[in-house]
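Undergrad: Fold the following and give me the result.
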Amino acid sequence: MSRLRPRTLRGQLTLGLVVLLAVIFAGVGIGTTALLRGFLVTRLDQQLTAAGPRYAQSLEHGLEQNNMDADTRGQTLGTFGARAAGGVITQVGVINGTSLTGDDTGQVRLSPADTRAVLSLPLDGSPHTVRLSALGEYRLRSVPGLDSDVLVTGLPMSQVSETVRELATAEIALFAGAVVVAALGGAAWVRLALRPLDRVATTAERVSTLSLASGEVALEVRVPDADRGDEVGRVGASLNRMLGHVENALARRQSVERRLRDFAADAGHELRTPLAAVRGHAELVLRRGGELPDDARHALTRIEAESRRMGTIVDDLLLLARLDAGRPLASEEVDLTLLVLNAVDDARAADHDESDIGESATRHEWRLDLPTDPVTVPGDPHRLAQAVANFVTNARVHTPAGTLITVGISVDADKVRLAVQDSGPGLAPDLAERAFDRFTRGDPARSRGSGSTGLGLAITRAVAEAHGGGVTVRSKPGRTVFELVLPRTPPSEK
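TA: From the prediction side, this is the model:
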């Protein structure tokens, strides 16, 4: 039933109007035919009462005297008459113009069911409707005769039924036409009445297509003619006010984001000089300090290491600030296969440096799943190289020794997918949800000790989005997959 219901409000209102009119017309038709039938039956009963039992009483003498016609004076054509005595119908006839209808004896043949129905009539003279198999539907009344007999007189219901049938046919035709006209006119009127609501819906659809996640947002879309005093006008005015509030909120958000980006960029630039000075002085003292106490040399070594780490954080923050600002990146054909090979070679070399089990062994097992032909994508080679290296480094640093790490590339019709899969313990669900957020670390203590800033995956996501792509992560114990998706054509050419 729900499949037959129109999907639009306009169709539902039109259908409701048509159904309502159909119900009203059906009720009117049933009521008028019932009233007309009752009126005609009452007139028929009056006519039957006025005729009296004269015709039925004359049947005894009329049929016994050489089949002469009974007394039909003043009787209506089709009048039924019957005489019963001792529980048996002795004479029966119907007036059809000049003589009695029936067989040669002038009697009408009644079936046993007809006989029982006639004999069961009450003798109070009240009319009752009886269907006779040989004659059709009749209004019959039964009264006692002078000779201890029963006299039954009746009039046919055929004219009543025919009149009611003609009225019903005329009403069906008229009401059907009225419903069709009402449906067409109602559809036009509903369309006209809902035109302001269509403008509200169009405005809402246009707003829903706008990208409000980041960047400058100009919500200039408004509902036209929203000053109406009806419900639609109030909805339009409310939507316009809401869009105004949203525009103000987005403008404030953009202003805050701009100030934060400017602060990060300014702070990064300002920190670079003192950090370089601190690192330079520490290196100078270590190289020319001569004999230094062990604790002083250790402190200088830590100062140099932490200054380098802080410099990396500053560089990452500056990169994120530039990406957030939407600054254009270089665009050229980049061999993604070569970037993967270089990143895996660097990771294997780092695995050798960190390994305690031999010079020829690595902590992890590495596997490549690359297409035969080189895969190229448009983009900034330096930023893409950094994104790929971040994915590979993340798998190496955050998985235990002996983990199998598989780096693969697959090509779709319009996308390239770089997947880094490991067989490690996986990520907790809450950590997987915020894996690409800034300063997110799987193991804070170990990450800080290993030099992780918690910005690598955030940079990878920012680089992917700047190229019109995206990143995903799927993780369960024994299988974690980080995926970088890049378009095969520049975003401006789509």
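
Undergrad: Is it correct that residue 291 falls within a strand?
TA: No. Read with DSSP: H, G, I helix; E, B strand; the rest coil, residue 291 is coil and lies in no strand.

Undergrad: mind listing what it touches?
TA: By CB atoms under 8 Å, 6 or more residues apart in numbering, the contact list for residue 291 is empty. Yep, even glycine has a C-beta here, placed from its N, CA and C like the rest.

Undergrad: got a list of what residue 159 touches?
TA: residue 40.

Undergrad: let's see it at 6 Å
TA: By CB atoms under 6 Å, 6 or more residues apart in numbering, residue 159 lies in contact with nothing.

Undergrad: same question, residue 392
TA: Contacts for residue 392 (CB under 6 Å, 6+ apart) come out as 343, 347.

Undergrad: name the element it belongs to?
TA: Taking DSSP states H and E as the definition, residue 392 sits inside helix 381-397.

Undergrad: So for that helix, mean pLDDT?
TA: Regarding helix 381-397, the rounded mean pLDDT is 90.

Undergrad: domains in the protein, as residue ranges please.
TA: As given by automatic domain parsing, the domain ranges for the chain are 2-36+164-193, 54-156, 207-327, 329-493.

Undergrad: Thought residue 485 was touching residue 470, still the case?
TA: Yes. Assessed by CB atoms under 6 Å, residue 470 is found in contact with residue 485 at 5.2 Å.

Undergrad: Need the single longest helix in this protein, by residues.
TA: helix 231-288 (DSSP state H).

Undergrad: what packs against it?
TA: Packing partners of helix 231-288 (3 or more CB pairs under 6 Å, 6 or more residues apart in numbering; DSSP states H and E): helix 195-208, helix 294-324.

Undergrad: low-scoring pLDDT stretches of the stretch 251-400 of the chain, where are they?
TA: By pLDDT under 70, the weakly predicted segments of the stretch 251-400 of the chain are 260-272, 288-290, 324-326, 353-361.

Undergrad: hmm, 90 instead?
TA: Confidence mapping of the stretch 251-400 of the chain against pLDDT under 90 gives the ranges 251-332, 346-364, 372, 379-383, 386, 394, 397-400.

Undergrad: need the next SSE after the helix or strand where residue 60 lies, C-terminal direction.
TA: Using DSSP H and E, residue 60 sits in helix 54-64. The helix or strand immediately downstream of helix 54-64 is strand 80-85, counting by DSSP H and E.

Undergrad: List the neighbouring strands of the next helix or strand after that following strand plus their orientation.
TA: Note on strand 80-85: by DSSP H and E, the next helix or strand toward the C-terminus is strand 88-94. Strand pairing for strand 88-94, determined by DSSP bridges: strand 80-85 (antiparallel).

Undergrad: Out of the domains of the chain, flag the one nearest residue 44.
TA: For these, the distance to residue 44 is smallest for domain 54-156, at 5.5 Å, taking CB to CB.

Undergrad: and the closest one, average pLDDT?
TA: Rounded mean pLDDT across domain 54-156 is 78.

Undergrad: ok now it, how far from the chain's centre?
TA: The gap between the average C-alpha position of domain 54-156 and the chain average comes to 71 Å, counting by CA atoms, centre = their mean, to the nearest Å.

Undergrad: Quick check: end-to-end length of that domain?
TA: Taking CA to CA, to the nearest Å, domain 54-156 runs 17 Å from one end to the other.

Undergrad: the inter-axis angle of the host helix or strand of residue 185 versus helix 195-208?
TA: Secondary structure assignment for residue 185, by DSSP H and E: helix 158-193. Counting by axes from the mean of the first three to the mean of the last three CA atoms, to 10 degrees, helix 158-193 points 50 degrees away from the direction of helix 195-208.

Undergrad: Any buried residues in helix 158-193, and which?
TA: Residues of helix 158-193 classed as buried under the neighbour-count rule (16 or more other CB atoms under 10 Å) are 160, 164, 168, 171, 175, 179, 182-183, 186-187, 190.

Undergrad: still on that earlier bit, switch the helices and strands packed on helix 231-288 over to a markdown table; also include mean neighbour count.
TA: What follows is these, written out as a markdown table (neighbours: other CB atoms under 10 Å):
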| stretch | mean neighbour count |
| --- | --- |
| helix 195-208 | 14 |
| helix 294-324 | 16 |
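
Undergrad: is it true that residue 483 touches residue 472?
TA: Yes. Using CB under 6 Å, residue 483 is in contact with residue 472, at 4.8 Å.

Undergrad: Looking at those two, which one has more neighbours?
TA: Higher neighbour count among residue 483 and residue 472: residue 483, with 18 against 15, using other CB atoms under 10 Å.

Undergrad: beta partners of that one?
TA: According to DSSP bridges, beta-bridge pairing links residue 483 with residue 419, residue 472.

Undergrad: ok, it - contacts?
TA: 417, 419, 472 are the contacts of residue 483 under CB under 6 Å, 6+ apart.

Undergrad: May I have the secondary structure class of residue 328?
TA: Secondary structure, three-state DSSP: residue 328 is coil.

Undergrad: same question, the one 5 residues further on
TA: When classified by three-state DSSP, residue 333 comes out as strand.

Undergrad: Distance of the closest residue to residue 168 other than its chain neighbours relative to residue 42?
TA: With sequence-adjacent residues excluded and distances taken as CB to CB, 6 or more residues apart in numbering, residue 168 is closest to residue 33, at 5.3 Å. In this view, residue 33 and residue 42 are 15 Å apart by CB to CB, to the nearest Å.

Undergrad: what about the two, which has more around it?
TA: Between residue 33 and residue 42, counted using other CB under 10 Å, residue 33 has the larger neighbour count: 16 against 11.

Undergrad: would the more buried one count as being in a strand?
TA: No. Under three-state DSSP, residue 33 falls outside any strand and is assigned helix.

Undergrad: wait, doesn't it sit right on residue 163?
TA: No. The pair residue 33 / residue 163 is not scored as a contact, 9.7 Å apart, by CB under 6 Å.

Undergrad: Tell me which helix or strand residue 348 sits in.
TA: Per DSSP H and E, residue 348 falls inside helix 336-354.

Undergrad: Name the next helix or strand downstream of that helix, please.
TA: As assigned by DSSP H and E, the chain's next helix or strand after helix 336-354 is strand 365-369.

Undergrad: C-terminal to that next one, what's the next element?
TA: Per DSSP H and E, strand 365-369 leads on to strand 376-379 as the next helix or strand towards the C-terminus.

Undergrad: what comes up buried for that next one?
TA: With burial defined by 16+ other CB under 10 Å, the residues of strand 376-379 counted as buried are 377-379.
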